[in-house]
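**Student:** Fold the following for me, if possible:
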Amino acid sequence: MPAFNHVTRLGTATALLILLGSYVFGASADAAEGGISRINQAVTVDAEQQVGDVSSVNGSIRLARGAEAGEVTTVNGTIELDDGVTVSEAGTVNGGIRLGSDVKVNGELSTVNGGIRINAGSVVAHNVETVNGRVHLESAVIRQNIVTSNGDIDIVDGAIVEGDIIVESRRRWWDHLFDWNNRSPRITVDAESSVQGDIHIYREVKLEIEDGAMVGDIVEHFETRK
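**Tutor:** Next up, the predicted model:
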């Protein structure tokens, strides 16, 4: 396989914080071009409704069955995309993301502190990224990579990752001085599922890869403790 150049993924989370933080100072109740933005409120987009970008500061976001939206982003809150929803991308800082069945994400999914669950028939065109959260992929497709630092990854029930799985090193300097958060992430790939790229690990992990699972190379980018 070609050499892999490791690039730290803090840019996505930082950009999300800056972008959403700006709403505190100047967000209108209803954005231009059919978008929706709220402060200290949850947002619900009704079934089959088509809107622009949807954002909230301190509020969860839900798109009901068959709705369509642009970018879906919040700082403190969960994001729920029901069956058949289509969005450009979705991201939250403190909160999880849950996709129902047959959801289409044309960009990436990202969280900092929260898990990501993707159900059957859903397709994510770009990366799925989280720092502290579990990624559960069930009978779905990720066109690019799954990236985490401290979270477990489950690839089950015929799920497909067309890119790599990347487990980054712990980012905070105090994690390396003390034993806080010293639990090793777990990667599970069942016999029906596949990772078409490689698994790149920058820290110790627990690998649970069943016989019959199709995966690329396991590439360690760290020195094993003695």
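
**Student:** next SSE after the least confident helix or strand in the chain by mean pLDDT?
**Tutor:** The weakest-scoring helix or strand in the chain, judged by mean pLDDT, DSSP states H and E, is helix 23-26 (a mean of 37). Toward the C-terminal end, the helix or strand that comes next after helix 23-26 (DSSP states H and E) is strand 36-39.

**Student:** Quickly run through the sheet partners of that following strand, with directions.
**Tutor:** Sheet pairing of strand 36-39 (DSSP bridges) gives strand 54-57 (parallel).

**Student:** Show me what the following helix or strand past the strand it pairs with is packed up against.
**Tutor:** Next helix or strand after strand 54-57 toward the C-terminus (DSSP H and E): strand 61-63. For strand 61-63, the packing partners by 3 or more C-beta pairs under 8 Å, 6 or more residues apart in numbering; DSSP states H and E come out as strand 43-45, strand 54-57, strand 68-76, strand 79-81. In this view, the C-beta of every residue, glycine as well, is placed from N, C-alpha and C.

**Student:** Which one of the ones you listed lies nearest to Asp211?
**Tutor:** strand 79-81 (33.6 Å; C-beta to C-beta).

**Student:** Walk me through which strands that closest one pairs with, and which way each runs.
**Tutor:** Strand pairing for strand 79-81, using DSSP bridges, gives strand 61-63 (parallel), strand 97-99 (parallel).

**Student:** closest to Pro185 out of those strands?
**Tutor:** Of those, nearest to Pro185 by C-beta to C-beta is strand 97-99, at 18.1 Å.

**Student:** and the closest residue to Glu89 other than its chain neighbours, how far is that from His126?
**Tutor:** Using C-beta to C-beta, 6 or more residues apart in numbering and skipping the chain neighbours, the partner closest in space to Glu89 is Gly107 (3.1 Å). Distance, Gly107 to His126, using C-beta to C-beta, to the nearest Å: 5 Å.
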